[in-house]
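**Q** no sequence on this one, just coordinates:
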């Protein structure tokens with residue numbers, strides 16, 4: 001037992017120590033925040049979180065890369081009112097000519113008739129940007145070209161629209177952010193899945209508080225694509241296969257992550273990405289596929305496949321919420337993006353689409369212990385279908401492209417530029433979502449060591465408005 005004098009002395013020392021710990025923890029937190037938010041010098045430009053560009057009555061569009069993905073962009077953009085396809089660049093002349101021909105045939109009133117073509121050389125796209133000076137450039141090339149092409153497009157006065165991921169390295173992402181801020185040009189990563197009917201439905205339900213406070217999400221891109229290895233000389237497999245061989249992490253996170261990040265308002269006023277851990281399984285599937293389907297001396301059998309067949313990453317946000325992100329383009333299993341968002345009052349999930357709410361889903365279930373799905377969700381769609389889907393869903397489904405989500409995305413890109421509205425995805429979101437790629441590679445290489453997300457907004461994310469449920 002302590003006497004009173006010793007007890008008072010002990011309590012004083014304890015209080016001083018606690019005070020010191022508190023000051024130290026606050027200092028460490030401040031230091032952590034400073035490192036997190038301000039690890040790069042200011043760009044010298046203006047913040048682009050809610051940026052609105054001057055209205056464009058007609059959007060003059062150039063495209064770089066018109067293979068499988070880019071040709072779809074060309075065809076559907078040519079149908080949207082207020083567009084003019086002014087130039088197309090591709091390494092291959094046949095692809096450039098085919099895309100231009102389809103635009104001319106589609107364009108009402110002949111508004112796409114004078115399309116300039118650039119092909120045959122690695123630098124023809126630069127020549128196109130300089131000579132044509134388009135309002136917007138759509139980039140659908142191999143991943144390593146995304147950043148340099150987007151940066152060059154903005155420097156030539158055009159808004160850049162880039163296929164996923166927005167870039168491969170963190171340095172490239174910072175360069176994109178800096179260029180966008182300095183030139184005051186949009187750079188949007190074209191995450192089409194954010195425009196899927198169920199993704200829009202869930203966004204609307206989250207905005208209306210249907211599942212309470214958001215706590216956890218699950219996202220994935222599980223899509224067996226080994227057949228792309230048949231594209232040896234040209235096409236996606238001719239360059240993507242080398243990424244699978246050389247890199248070990250989650251190389252394609254945005255299809256699953258983009259929608260749940262917007263449900264949670266990450267990077268938009270409420271919360272933001274904080275840190276991530278990542279693990280990969282052994283790399284077996286691609287090597288076995290190559291051995292089974294190609295001669296021993298084939299180039300695919302000369303590679304040392306390092307990328308694990310399945311990667312699982314866990315993201316922690318500033319508020320302490322969690323997101324599981326998975327990626328697997330190798331294993332023989334059905335397609336899935338998971339698309340799960342969990343709150344204090346219920347859970348919304350995908351593949352298959354299903355909903356569980358505390359107290360049950362009206363007309364379907366009487367508790368959260370059973371999923372409502374299929375035809376049981378008709379009343380949910382009737383109540384919560386996103387206004388954008390109500391307006392564009394029928395024409396989008398008719399136009400096609402992943403169930404209509406592609407057309408809806410392309411339409412919104414043009415609509416926002418013509419009306420002078422903020423884009424549905426800002427440059428920072430494209431970088432945050434794509435950053436999972438290089439960060440997961442680091443974490444896997446370091447045995448699952450947590451990796452901090454760069455704050456591409458330099459601390460400005462909390463001033464950005466949540467994505468509106470647009471009419």
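**A** Alright, I've got the coordinates. Every value quoted in this text rests on a predicted model; they were computed, and no experiment measured them.

**Q** so residue 411, which state does it fall into?
**A** The local conformation at residue 411, judged by DSSP: H, G, I helix; E, B strand; the rest coil, is helix.

**Q** test my guess that it contacts residue 391.
**A** No - counting by CB atoms under 8 Å, residue 411 does not reach residue 391; the two are 9.8 Å apart. Glycine gets a C-beta too; all of them are placed from N, C-alpha and C.

**Q** what about those two, which has more around it?
**A** Neighbour tally, residue 411 and residue 391, criterion other CB atoms under 10 Å: the higher count belongs to residue 411, 23 against 14.

**Q** residues contacting that one?
**A** Neighbour list for residue 411: 80, 392, 396 [criterion: CB atoms under 8 Å, 6 or more residues apart in numbering].

**Q** got the contact list for residue 389?
**A** Contacts of residue 389 by CB under 8 Å, 6+ apart are 197, 200, 201, 396, 408.

**Q** SS state for residue 431?
**A** helix.

**Q** can you get me a residue count around it?
**A** Residue 431: 26 surrounding residues under other CB under 10 Å.

**Q** go on, residue 81?
**A** By other CB under 10 Å, 11 other residues sit near residue 81.

**Q** what do you get for residue 226?
**A** Residues lying near residue 226 (other CB under 10 Å) number 20.

**Q** residue 182 too?
**A** Residue 182 has 14 neighbours, counted by other CB under 10 Å.

**Q** mind checking what helix or strand follows the helix or strand hosting it in sequence?
**A** Assigned by DSSP states H and E, residue 182 belongs to helix 170-183. Next along the chain after helix 170-183, taking DSSP H and E as the criterion, comes strand 187-189.

**Q** strands paired with that next one, and their directions?
**A** Note on strand 187-189: by DSSP bridges, its sheet partners are strand 159-162 (parallel).

**Q** for the partner strand, what is the average pLDDT?
**A** What strand 159-162 shows for mean pLDDT is 99.

**Q** need the contact partners of it.
**A** By CB under 8 Å, 6+ apart, strand 159-162 touches 53, 135-139, 146, 149-151, 153-154, 180, 185-190, 413, 417, 430.

**Q** still on that earlier bit, of the contacts of residue 411, buried ones?
**A** 80, 392, 396 (16 or more other CB atoms under 10 Å).

**Q** looking at this, the last one is in a helix?
**A** Looking back up the chat, that one is residue 396. Yes - the assignment for residue 396 is a helix, going by three-state DSSP.

**Q** whichever of the contacts of strand 159-162 end up buried, select them in PyMOL.
**A** Typed into PyMOL, the line below selects the buried ones among the contacts of strand 159-162, using 16+ other CB under 10 Å:
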select buried, resi 53+135+136+137+138+139+146+149+150+151+153+154+180+185+186+187+188+189+190+413+417+430
